[in-house]
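Visitor: fold the following.
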Amino acid sequence: MLAAAQRPGSGSGLMAMDILSAPGSQDALGRVDALLARHQIQLGDVIGQGGESLVLAAQSPDGRQVVKLSPSVRTSIAKAPLPTGIPGVAGYSVSERVGPMSVAVQRRADHVMPPDADGDVRQAWREASWRVMESLADRRHGWIDMSPGNIGLFGDELRAIDGYLSPLPSRQGGRSVEEAIRALRVSPEELRLFQR
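Guide: Okay, the predicted model is just below:
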């Protein structure tokens, strides 16, 4: 995290500085390390950031993970952690508030939209985020913070990796639950585009 904080002007550098300069952060970061150690999670390098959190690569006995650290309790991690067990959602296996920050752990996506994506690639990710949103709405889940950067590809299935869910009073589409879940699968042609 110190290396990221030393990159002035970068989004991850600014987020890392916010985390490191938050009151009580040094104690909280020690408690985060202990929390991750209890789950046998080893932190790796900073691999990105969103609007609310710094994202670090991680490894656990369950495979590749990401750890999201947020310097603010206003993050969606604190508001409503992404639940596990819902097709189309990469739920958090760990989600806790530790001092002045929130920490969440989830499986790492095989592919996400590259930061420099444009043209056909950006359009494919944009359409994929709508598919995830519609699939969830067909099953009475409202996905808040829908964005192409907030989905990932896991094998051949699209999933929300950020934001949060809120219950909808009724199903939004006319598809069956099974059809809505099948819509999360990508074709071989789409897979090639998402792997660019």
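Visitor: residue 55 sits in which helix or strand?
Guide: Element membership for residue 55, per DSSP states H and E: strand 54-60.
Visitor: mind showing which ranges of the protein have poor pLDDT?
Guide: 1-13, 72-79 (pLDDT under 70).
Visitor: hmm, back to that, how about the strand holding residue 55: buried residues?
Guide: Using 16 or more other C-beta atoms under 10 Å as the test for burial, strand 54-60 gives 54-58, 60. All C-beta atoms are positioned from the backbone trio N, CA, C, and that covers glycine.
Visitor: closest one of those residues to residue 140?
Guide: In terms of C-beta to C-beta, no member of the buried residues of strand 54-60 lies closer to residue 140 than residue 55, at 28.8 Å.
Visitor: correct me if wrong: that closest one contacts residue 43.
Guide: No - Residue 55 lies out of contact with residue 43 (C-beta atoms under 8 Å); the separation is 11.1 Å.
Visitor: can you list residues touching both of the two?
Guide: residue 67 (C-beta atoms under 8 Å, 6 or more residues apart in numbering).
Visitor: nearest the middle, which residue of this protein would you pick?
Guide: residue 161 (3.1 Å; C-alpha atoms, centre = their mean).
Visitor: how near is that one to residue 154?
Guide: 9 Å (C-beta to C-beta, to the nearest Å).
Visitor: all the strands of this structure, in order from the start?
Guide: With strands called from DSSP state E, the chain shows them at 42-49, 54-60, 63-70, 92-98, 101-107, 111-112, 141-144, 151-154, 157-160, 164-167.
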